[in-house]
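A.B. asks: Let's see this in three dimensions:
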Amino acid sequence: MDKKLITGGVVASMLLAMGGMGAVSAQSADAPAALSVTQAIEIALAEVPGAVQETELEREDGRQVYEIEILTADGVEMEVEIDANTGAVLEIEADDGDDDDDKDDTPSAG
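C.D. replies: Numbers count the residues shown, from 1 in each chain. Model prediction:
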């Protein structure tokens, strides 16, 4: 009877281990970011001091990127992009609130 209990325990352990391996491989297909949002905010604020307005985790060009919007003491809204796996600052830009690409157009005199 002891052999049956031991064999059953071994089989159950193997099944649990195999099920765990399936869960790990499923997670690696869409792995979570290595950096937490808190770590990303700390990196962004080191680059652009101010008050965090919004954070977003997005996928850009095949990698996960945190986009962090910061309002500076001067009232300028800045966006800092951080690689969510390496912590590298990818881009810092002022958000002027104008998404129109026709800034260089001059009004016609008429």
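
A.B. asks: May I have the phi/psi pair for residue 57?
C.D. replies: Here is the backbone geometry of residue 57 (degrees, to the nearest 10): phi -110, psi 120.

A.B. asks: Name all residues that make contact with it.
C.D. replies: Shown in contact with residue 57 (Cβ atoms under 8 Å, 6 or more residues apart in numbering): 33, 37, 64, 65, 66, 67, 84. (Glycine included, C-beta is placed from N, CA and C.)

A.B. asks: PyMOL command for the buried members of these?
C.D. replies: The buried residues among these can be selected in PyMOL (16 or more other Cβ atoms under 10 Å) with this line:
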select buried, resi 33+64+65+66+67+84
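
A.B. asks: Please save the CA atoms from stretch 58-76 in PDB.
C.D. replies: Taking C-alpha atoms only, stretch 58-76 is exported to PDB below (Å, rounded to 0.1, in the frame of the first residue of the first chain):
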ATOM      1  CA  GLU A  58       2.600  50.500 -24.600                       C
ATOM      2  CA  ARG A  59       4.200  48.300 -27.200                       C
ATOM      3  CA  GLU A  60       6.200  50.300 -29.800                       C
ATOM      4  CA  ASP A  61       8.400  48.800 -32.500                       C
ATOM      5  CA  GLY A  62       8.200  45.300 -30.800                       C
ATOM      6  CA  ARG A  63       9.200  46.500 -27.300                       C
ATOM      7  CA  GLN A  64       7.400  47.600 -24.200                       C
ATOM      8  CA  VAL A  65       7.700  51.300 -23.500                       C
ATOM      9  CA  TYR A  66       6.500  53.500 -20.600                       C
ATOM     10  CA  GLU A  67       5.200  56.900 -21.700                       C
ATOM     11  CA  ILE A  68       5.200  59.200 -18.700                       C
ATOM     12  CA  GLU A  69       3.600  62.700 -18.900                       C
ATOM     13  CA  ILE A  70       5.100  65.200 -16.500                       C
ATOM     14  CA  LEU A  71       4.000  68.800 -15.800                       C
ATOM     15  CA  THR A  72       7.000  70.900 -15.100                       C
ATOM     16  CA  ALA A  73       7.100  73.800 -12.600                       C
ATOM     17  CA  ASP A  74       7.000  76.100 -15.700                       C
ATOM     18  CA  GLY A  75       3.700  74.600 -16.700                       C
ATOM     19  CA  VAL A  76       5.200  72.800 -19.700                       C
END
